[in-house]
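**Student:** Got a sequence here, can you model it:
(one chain, ligands or ions: 1)
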Amino acid sequence: MSGTVHCWGHQPAIAQTPHAPVWRDETPGQLAALHARFGTTLPFGNGRSYGDSCLAASDHVLHLARLDRFIATDWSRGIVRAEAGMQLATLITAALGHGWFVPVTPGTRFVTLGGALANDVHGKNHHRRGTFGRHVRAFGLLRSDDGTLECTPQTRPELFAASIGGLGLTGIVTWVELQLMPVRTGWLDTVTQRFGRIDDFFRLSAELDPLHEYTVAWIDCLARSARGVYFAGDHAEFGPDAPSPGRVWGVPATPPVSLMNRASLALFNQAYWRAHPAQPRRARSWYQPFFYPLDRIARWNRIYGRRGFQQFQCVLPDAAAEPALRELLGAIAAHGRGSFLAVLKRCGDLASPGLLSFPMAGHSLALDFPHDPALEALFERLDAIVHEAGGRLYPAKDAHMSGQHFRHAYPAWERLERLRDPALMSRFWQRVTT
Ligand SMILES: Cc1cc2nc3c(=O)[nH]c(=O)nc-3n(C[C@H](O)[C@H](O)[C@H](O)COP(=O)(O)OP(=O)(O)OC[C@H]3O[C@@H](n4cnc5c(N)ncnc54)[C@H](O)[C@@H]3O)c2cc1C
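**Tutor:** Sure thing, here's the model as predicted:
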């Protein structure tokens, strides 16, 4: 594989040299060679993690994108076993034809099965289905010390738990066996309603979340009242044929500076809020625009310019969520910052099988900021609010959290460290554990 790969936010902007096996049986040899030559490496999926959790300490990654084939499918029971480099996009396209869908999907379908497992990703239905790891039946794990192992909750409970949300540090996941969710079509029945204040969001969330499979809200963090738009959706019972794929636009090059500034954001937020109805509006939507609005713009991360951007995603426990959220939004406004993407969603109380899984019962807030040196002071303030509220930050989106906050929020990190494959080390893990 030629060229280099990066993390999604280009922050830190450290190029990774990819080493990419084409067949599964080449993987042990490549892992051994990287271990011998560079000391450590890290599995790399499709680089949709924002910060340094997908960057190898050695800057040489084992890139698994070419391992993207089905190994076994049982469409009568919705059980598939596929190589870890397969993207959700490929799996969904195949599964929909048989009446199945992935039970948990993040906001982009261009993530690999291995990456989804290693970050134990969550979606808009966390309150109903929990995290991705809850639906994993088994996976293959290649270790530099123990060779190839098959992990299930029964056969290897420790490694199973440590690898789900294990940030790629317990071994190379070579294949994943997943239980899919039955659906009738790829269409969703949706409800959209804007709200004027953050209190209204909490009211809508309490009333409507229990009624719907998927719920999420966008908020206008530049407005004083933190107004926003609440979206809910459920798989439809019927629908027309799949629409023809829309045009995918792309950002052709990285501009020298971010196109996201306060003036452009204010205009966008105003127009976006007004475009949505004050009263609940029902509609039918194809799954792609509902789940993956940003996937229609290839390489949208380039709009943040050469300095890249950082995402700040936290989850706040239920008891402290509302006041802490107000404090976070107040601190962002006081710094004169805004975010184009500001997503608020409720996480439920279904436990993850993963040791270091991010979600907890409460509310999660995600915001994107163009990178600049002033972010450091803002993030320090935001991190302190999250820490005091008993919440935590999401490693998959992180490029800045302190080791102290990480170790406090993820006390099981030491158990993961004991199970870490000695040949694997990320820049993130080095930063937060040493
Ligand atoms: C637009 C957008 C929306 C998103 N929305 C959400 C969301 O709603 N919810 C959410 O949870 N996340 C979300 N994410 C984050 C994304 O889902 C995760 O970062 C995901 O893990 C990325 O998968 P990847 O295949 O690109 O893996 P990478 O980013 O390349 O790697 C992620 C981690 O997985 C490890 N890894 C990759 N492959 C393997 C393997 N085969 N074996 C072992 N470890 C491996 C890597 O070492 C790394 O630690 C979003 C990202 C984007 C860009």
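**Student:** where does the chain dip in pLDDT?
**Tutor:** Where the chain drops to pLDDT under 70, the residues are 1-2.
**Student:** Write out the residues of it neighbouring the ligand.
**Tutor:** By the criterion of Cβ under 6 Å from any ligand atom, the positions of the chain lying close to the ligand are 8, 42-49, 53-54, 64, 84, 106-108, 111-112, 114-116, 118-119, 121-123, 167-168, 172-173, 294, 396. No exception for glycine: its C-beta is placed from N, CA and C like everyone else's.
**Student:** Write the ChimeraX selection for whichever of those are buried.
**Tutor:** Entered in ChimeraX, the line below selects the buried ones among the residues of the chain next to the ligand, by 16 or more other Cβ atoms under 10 Å:
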select :8,42,43,44,45,46,47,48,49,53,54,64,84,106,107,108,111,112,114,115,116,118,119,121,122,123,167,168,172,173,396
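**Student:** mind checking the longest helix of this protein?
**Tutor:** In terms of residue count, the longest helix belonging to the chain (DSSP state H) is helix 318-334.
**Student:** Name the residues that touch the helix or strand just after it?
**Tutor:** Later in the chain than helix 318-334, the nearest helix or strand by DSSP states H and E is strand 342-347. Contacts to strand 342-347, defined as Cβ atoms under 8 Å, 6 or more residues apart in numbering, come from residues 107, 122, 124, 126-127, 201, 205, 209, 215-221, 228, 315, 325, 359-367.
**Student:** So which of those residues belong to strands?
**Tutor:** Using DSSP state E, 215-219, 228, 315, 362-367 are the members of those that sit in strands.
**Student:** between those, which is closest to the ligand?
**Tutor:** residue 366 (7.7 Å; Cβ to the nearest ligand atom).
**Student:** got a list of what that closest one touches?
**Tutor:** 311-313, 341-343, 394, 397.
**Student:** and what of residue 401?
**Tutor:** By Cβ under 8 Å, 6+ apart, residue 401 lies in contact with 383, 393, 395, 432.
**Student:** Now render those residues as JSON lines, adding distance to residue 402, secondary structure and neighbour count.
**Tutor:** Shown next, in JSON lines, are the contacts of residue 401 (distance: Cβ to Cβ, whole Å; DSSP: H, G, I helix; E, B strand; the rest coil; neighbours: other Cβ atoms under 10 Å):
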{"residue": "383", "distance to residue 402": "7", "secondary structure": "helix", "neighbour count": "20"}
{"residue": "393", "distance to residue 402": "10", "secondary structure": "strand", "neighbour count": "25"}
{"residue": "395", "distance to residue 402": "13", "secondary structure": "helix", "neighbour count": "26"}
{"residue": "432", "distance to residue 402": "8", "secondary structure": "helix", "neighbour count": "21"}
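**Student:** Could you find the closest non-adjacent residue to the closest residue to the ligand within the stretch 251-400 of the chain?
**Tutor:** Closest residue of the stretch 251-400 of the chain to the ligand, Cβ to the nearest ligand atom: residue 396 (3.8 Å). Spatial nearest neighbour of residue 396, excluding adjacent residues (Cβ to Cβ, 6 or more residues apart in numbering): residue 119 at 4.2 Å.
**Student:** thought the one you found was touching residue 165?
**Tutor:** Yes - under the criterion of Cβ atoms under 8 Å, residue 119 makes contact with residue 165 at 6.5 Å.
**Student:** what touches both of these two?
**Tutor:** residue 358.
**Student:** Can you classify residue 160 as helix, strand or coil?
**Tutor:** Here residue 160 is helix, with the state taken from DSSP: H, G, I helix; E, B strand; the rest coil.
**Student:** In this structure it contacts residue 153, no?
**Tutor:** Yes - applying Cβ under 8 Å, one finds residue 160 in contact with residue 153, separated by 5.2 Å.
**Student:** Overlap of the contact sets of those two?
**Tutor:** Residues touching both residue 160 and residue 153 by Cβ under 8 Å, 6+ apart: residue 353.
**Student:** Of these two, give the one with the bigger neighbour count.
**Tutor:** residue 160 (23 against 13; other Cβ atoms under 10 Å).
**Student:** Look up how far residue 165 lies from the nearest residue to residue 50 once chain neighbours are set aside.
**Tutor:** Among residues not flanking residue 50 along the chain, residue 9 sits closest, at 4.0 Å (Cβ to Cβ, 6+ apart). Going from residue 9 to residue 165 by Cβ to Cβ, to the nearest Å gives 20 Å.
**Student:** ok, residue 337 - how many residues close by?
**Tutor:** 19.
**Student:** Quick check, it in contact with residue 377.
**Tutor:** No - Residue 337 is beyond contact range of residue 377, at 10.6 Å (criterion: Cβ under 8 Å).
**Student:** Now do the same contact list for the residue nearest to residue 396.
**Tutor:** Neighbouring residues of residue 119 by Cβ under 8 Å, 6+ apart: 49, 53, 165, 167, 358, 395-396.
**Student:** so of those, which ones are in helices?
**Tutor:** Using DSSP H, none of the contacts of residue 119 sit in helices.
**Student:** and residue 311, what helix or strand is that in?
**Tutor:** Residue 311 belongs to strand 309-317, assigned by DSSP H and E.
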